[in-house]
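> Provide a 3D model corresponding to the input given below.
(chains A and B)
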Amino acid sequence: MSETETYEIRIQGRLAERWSSWFDGMEIAAADDGSTLIRGEVADQAALHGLIQKVRDLGLPLLSVTHTRTGATP
Amino acid sequence: MTSAPLLQTKLYPPRVTRELVERPRLAERLGARPAVLLVSAPAGFGKSTLLAQSLLGGSPRPDRPAVAWLSLDSGDSDPSSYWAYVLAALRTAAPGLGASAQALLESPGGAPVTTVLTSVINDLAGSDEDVVLVLDDYHVVHAPVIHEAMAFLVDHLPPQLRLVIATRSDPPLPLARLRARGELAEVRAADLRFTEPETAAYFAGMGLQLSAAEVSTLEGRTEGWVAALQLAALSLQGREDLAGFIDGFAGDDRHVVDYLVEEVVHRQPEEVRDFLLRTSVLSRLSGPLTDAVTGRTDGRAMLEALDRDNLFLLPLDDQRRWYRYHHLFADMLQARLLDERPGEARELHRRASAWFEEQGDTTAAVEHALAASDVDRAAGLVEAALPAMTKERRESQLRRWMEPLPDDVYARRPVLANGYVGALMSTGETSGVEPRLRLAEEWVKAAQALPEGESPPGLLAAHPVQWQRLPGWVRIHRAGLALMAGDVGATIEGCRDALAVLPPDDNLGFGAATALMGLASWRHGDLATAESAYSETIRRFGLEGYVADILGCTVTLADLQLTMGRLRDAERTYRNALDLAERQPAGPPRGTPDMHVGLCLLHLEHGDLGAAKEHLRLAQELGEHLGLPKHPHRWRIAEADVRESEGDLVGALTMLDEAERVYDLDFSPDVRPVTAMRARVWIKQGRPEQALAWAARQGVAVTDEPDYLREFEHVTLARALVSAGDHTAAGFLERLLTAAEADGRHGIALEILVLLALARQREGDSGAAMAALSRALDLGEPEGYVRIFTGEGPAMAPLLTAAARRGVAPSYAARLTGSTGHVRPEPARRDAMVDPLSDRELDVLRLLASELSGPDIARHLVVSLNTVRTHTKNIYAKLGVGSRREAVRRADELGLLRR
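Residues are numbered from 1 along each chain as shown, chains lettered A, B, ... in the order given. You can find the predicted model right below:
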């Protein structure tokens, strides 16, 4: 059993839902204000930084990173 | 063969494209030529293009610096790979540059990066050519050790080298400091964005007739992002309804590049689309590789067509054999592949891995196997690469590959498990070692139960030889763990076990086991075993060409021989190693100055201060950076010793303070602590009470049991007692003598006997004094000891005279008396050379006798000018001359110019 964390990465602009597999299966959701949320569980800090790097590599402006929940998965 | 041949494609600068838009504000910033230029912006902002245009574009001017271009990729986060590529890039700019750095980097055993860099910096500083080093895509580098070394390089940049870093995120380098010093110029995203007039000029240059409003719309939607502008231009070309496209584009809020890639890819015929998606998993593409991955046969033609159509394909060589997609484009394609054809990426990576394996490119084969999550394939490849990777000291790369492999892979691959143990331990890591080592041990045990030559069922081993060597290596690693835990007994036992089972041809195994054995025996005070172990280590490493390791073991071996009173053997040990070092074609390897420091100390014992100082100077000329970890400390100890011999006791104390500051004995036991050396100088200064206070503070007392590791301190205390006229001195010395003699430490026994003679003389017991001295002379004469007697000052003279009168080693005693009481050294020999010239130095000397200039000589010998300068300096020093003409004359007198 290991602890996992749920994070929400908010980026400026719209990203199509099909980018989900590129972001390791994270959920891609359009927010009302025109921004996009990339949301899901990450294994650890290294994985989170990996995601942020992917955002950077696409040239997407990063608006915020929010920690939403600590959960446990078996 | 190396495990990872350098990819020339990474050293190929991007082609310079026609400049569609003049951007004077950027040209100005780039023209300032600062020490460091940072181009920091997201993907697709035109960083590489800008740099290529400004550094390589236009007509060549004579003052334009040579450009060393390196496109980094994810594998370059491994320090050894990173620096190998940096050196290779520098060589493309200035052939011959960094040759000795290259040798240092490749030497088995390796050298610290600062050593390698210092060598490069020196080369550059001695050259009159300006070089710009471009590190493109620096953001892929994540290893802190690389950033640290880069900070070192930045801090020591010679004026001949400028550094250009292109990256998507600011590197962790001391940027603020550079900014403050005015040595940093920056080009950032805001600078690179195309303004509206630039956007207009760009589309006009592409032959697209757009209205001002349309340009404004495109500029607003792309925010001047050049990758988006390029894609937009591609989409617009050949389109009837420009306005319709622009409206649709402007009215969509999707990621701008994503939207445009979709547009561009959609307009391609199906076979092109398929090709783009499938090959998007490749970080570089060639016809044969893409054929292997797509299962088609049109790879080369496809690549040529994509290149022609400007579809974000960059050539990586002049022959158009290798290409890569623009990173941003590749990412966009790969995201589509993952979404539209789930699962296919793994198969594509697997095919790429197989193709690279066939080509002998282990690195790429492993990376693709890992990307395919094919851990069995990755494990087999890594295991097969273990010997070469270990020899090249690429343990951190190995660790990066091995960390993602799951436990069940190791469970069937004991050689791999053991390799992981080795990679961890060599980087000082013990966590994670135990379970893997135990696993390997269990396989070894299972094999033992079987008849010879039969393997346990289920065993996977890439190399039968590695499997045969495994029993020895698991024992070596077990012994190494014991030594790290401080268990000397278990270490020695483990080494014996290892030596008993190693196959006779496993030189590295024998070398490693005997080195461990030597170190443990030394700590244990068993010098005879330590000596024979280290001698064997040196022999075995010699068979494998591990020169740097040999030089390291040499220092220890000579120390042991010195302790055992075998001055001449110690000298031979250093001489052999120095010869070996000087025979290295790429210049002096790491550890060479250490040999000179050792010879300095030996010459001091022989009373030859001139030669001692000469070796110290040679060590200094080679440079501290070439020394082993212990070198800075040992060099200062030797300098203090020289000063003491010259009678400069205050200077000696200052130098000892410095030695203490740079203390690093690199796992060797500290058998000669600096505090004790300092106490000895105080005694010489006539302040024994201060030395006695030191002993009290350290808890060193005459009631102590003799103990090898504290022997130096004990003898120091005895020295203070003798000097203070304390009557307990003689009894203490007798006990120390018994212990030293029992374990064969005759070098220490010699010193004790000299002190004992002085102590007995003070007590008025001339008979006992003479008996001690005569034993000392017996030990000292065959080995040529001088200072141990003469360094005792005026009190020694009457004793030596009396000994000579009584016929005890009369000529030796008389010779010693000649220099007793004076700190004046024996005059340095002028008739013969202190130090013979090496073969390479003779080569240089013969060329010095010609009309050739320095640079001509360098070209003739295919070495850098700096190397020639170093040789020349050494030649001058050895010949005792100050100019080329004098050197040639002196060489002629000595008959050195005759072949």
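> what pLDDT is listed against residue 69?
I went with chain A, as the question did not name one. According to the per-residue confidence, residue A:69 scores 77 in pLDDT.
> please go with chain B instead
Predicted confidence (pLDDT) at residue B:69: the value is 95.
> shouldn't it be within a strand?
Yes: using DSSP: H, G, I helix; E, B strand; the rest coil, the assignment for residue B:69 is a strand.
> so it bridges to which residues?
On DSSP bridges, the residues paired with residue B:69 through beta bridges are residue B:134.
> burial count for it?
When neighbours are counted by other C-beta atoms under 10 Å in any protein chain shown, residue B:69 registers 23. Yep, even glycine has a C-beta here, placed from its N, CA and C like the rest.
> please name the residues that touch it.
When the contact criterion is C-beta atoms under 8 Å, 6 or more residues apart in numbering or on different chains, the partners of residue B:69 are B:11-14, B:89, B:92, B:134, B:136.
> one more time with 10 Å
Contact analysis of residue B:69 by C-beta atoms under 10 Å, 6 or more residues apart in numbering or on different chains lists B:10-14, B:48, B:51-52, B:55-56, B:89, B:92-93, B:132-136, B:164.
> equivalent analysis for residue B:423, please.
Applying C-beta under 10 Å, 6+ apart as the definition, the contact partners of residue B:423 turn out to be B:386, B:389-390, B:394-403, B:429, B:433.
> can I get the buried part of those as one PyMOL selection?
Filtering these down to the buried ones (16 or more other C-beta atoms under 10 Å in any protein chain shown) takes a single PyMOL command:
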select buried, chain B and resi 386+389+390+394+395+396+397+398+399+400+401+402+433
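> the contacts of residue B:69 in helices, which ones?
By the criterion of DSSP state H, membership of the contacts of residue B:69 in helices covers B:48, B:51-52, B:55-56, B:89, B:92-93.
> quick one: which of those is nearest residue A:65?
residue B:48 (28.9 Å; C-beta to C-beta).
> quick one: the strands in the chain, in order.
This is for chain A. A:2-11, A:27-30, A:36-42, A:62-73 (DSSP state E).
> wait, chain B was what I had in mind.
With DSSP E as the criterion, chain B has strands spanning B:36-40, B:66-71, B:131-136, B:161-167, B:184-188, B:313-315, B:323-325.
> out of those strands, which is closest to residue B:259?
If you check each of the strands of chain B against residue B:259 by C-beta to C-beta, strand B:323-325 wins as the nearest, at 18.2 Å.
> tell me the mean pLDDT for that closest one?
Rounded to a whole number, the mean pLDDT of strand B:323-325 is 93.
> hmm, back to that, tell me which of the strands of chain A sits most buried.
Using mean count of other C-beta atoms under 10 Å in any protein chain shown, the stretch among the strands of chain A with the greatest mean number of neighbours is strand A:36-42 (a mean of 20).
> and that one, what other elements does it pack with?
For strand A:36-42, the elements it packs on are strand A:2-11, strand A:27-30, helix A:45-57, strand A:62-73, judged by 3 or more C-beta pairs under 10 Å, 6 or more residues apart in numbering or on different chains; DSSP states H and E.
> save these as CSV, and put in distance to residue B:251 too.
Formatted as CSV, the helices and strands packed on strand A:36-42 follow (distance: least, C-beta to C-beta, whole Å):
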stretch, distance to residue B:251
strand A:2-11, 20
strand A:27-30, 16
helix A:45-57, 25
strand A:62-73, 23
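> what's the closest of the ones you listed to residue B:353?
Nearest of those to residue B:353, taken as C-beta to C-beta: helix A:45-57 at 21.7 Å.
> orientation of that closest one relative to strand A:62-73 in degrees?
With axes from the mean of the first three to the mean of the last three C-alpha atoms, to 10 degrees defining the directions, helix A:45-57 sits at 150 degrees from strand A:62-73.
> just the CA atoms of helix A:45-57, as PDB, please.
Coordinates of each C-alpha in helix A:45-57 appear next as PDB, following Å, rounded to 0.1, in the frame of the first residue of the first chain:
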ATOM      1  CA  GLN A  45       6.900  14.400  -6.200                       C
ATOM      2  CA  ALA A  46       9.200  13.100  -9.000                       C
ATOM      3  CA  ALA A  47       6.100  12.100 -11.000                       C
ATOM      4  CA  LEU A  48       4.500  15.500 -10.400                       C
ATOM      5  CA  HIS A  49       7.700  17.300 -11.700                       C
ATOM      6  CA  GLY A  50       7.600  15.000 -14.700                       C
ATOM      7  CA  LEU A  51       4.100  16.200 -15.500                       C
ATOM      8  CA  ILE A  52       5.000  19.800 -15.100                       C
ATOM      9  CA  GLN A  53       7.900  19.200 -17.400                       C
ATOM     10  CA  LYS A  54       5.500  17.800 -20.000                       C
ATOM     11  CA  VAL A  55       3.400  21.000 -19.700                       C
ATOM     12  CA  ARG A  56       6.600  23.000 -20.200                       C
ATOM     13  CA  ASP A  57       7.600  21.000 -23.300                       C
END
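> which strands and helices sit next to it?
If contacts are counted by 3+ C-beta pairs under 10 Å, 6+ apart, helix A:45-57 sits against strand A:2-11, strand A:36-42, strand A:62-73, helix B:327-340.
> and these, which one is worst for confidence?
Across the helices and strands packed on helix A:45-57, the lowest-scoring stretch is strand A:62-73, with a mean of 80.
> what's the closest non-adjacent residue to the residue nearest the centre of chain A?
Among the residues of chain A, the smallest C-alpha distance to the mean C-alpha position (C-alpha atoms, centre = their mean) belongs to residue A:38, namely 3.5 Å. In this structure, residue A:38 finds its nearest non-sequential neighbour in residue A:9, 4.4 Å apart by C-beta to C-beta, 6 or more residues apart in numbering or on different chains.
> distance of that neighbour relative to chain B?
Look at residue A:9 and chain B: by C-beta to the nearest C-beta, to the nearest Å, they are 14 Å apart.
> is it true that that residue touches residue A:52?
Yes: checked against C-beta atoms under 10 Å, the pair residue A:9 and residue A:52 is within contact range at 6.9 Å.
> how about low-confidence regions in chain B?
Residue ranges of chain B with pLDDT under 70: B:1-5, B:59-60, B:107-111, B:665-667, B:819-835, B:898-899.
> what about the helices in the stretch 601-750 of chain B?
Across the stretch 601-750 of chain B, reading from the start of the chain, the helices by DSSP state H, counting those that start in this stretch fall at B:609-622, B:631-645, B:649-661, B:674-684, B:688-698, B:711-723, B:729-742, B:746-763.
> equivalent analysis for the stretch 1-150 of chain B, please.
Assigned by DSSP H, counting those that start in this stretch, the stretch 1-150 of chain B shows helices spanning B:24-31, B:47-56, B:79-93, B:99-106, B:113-125, B:144-155.
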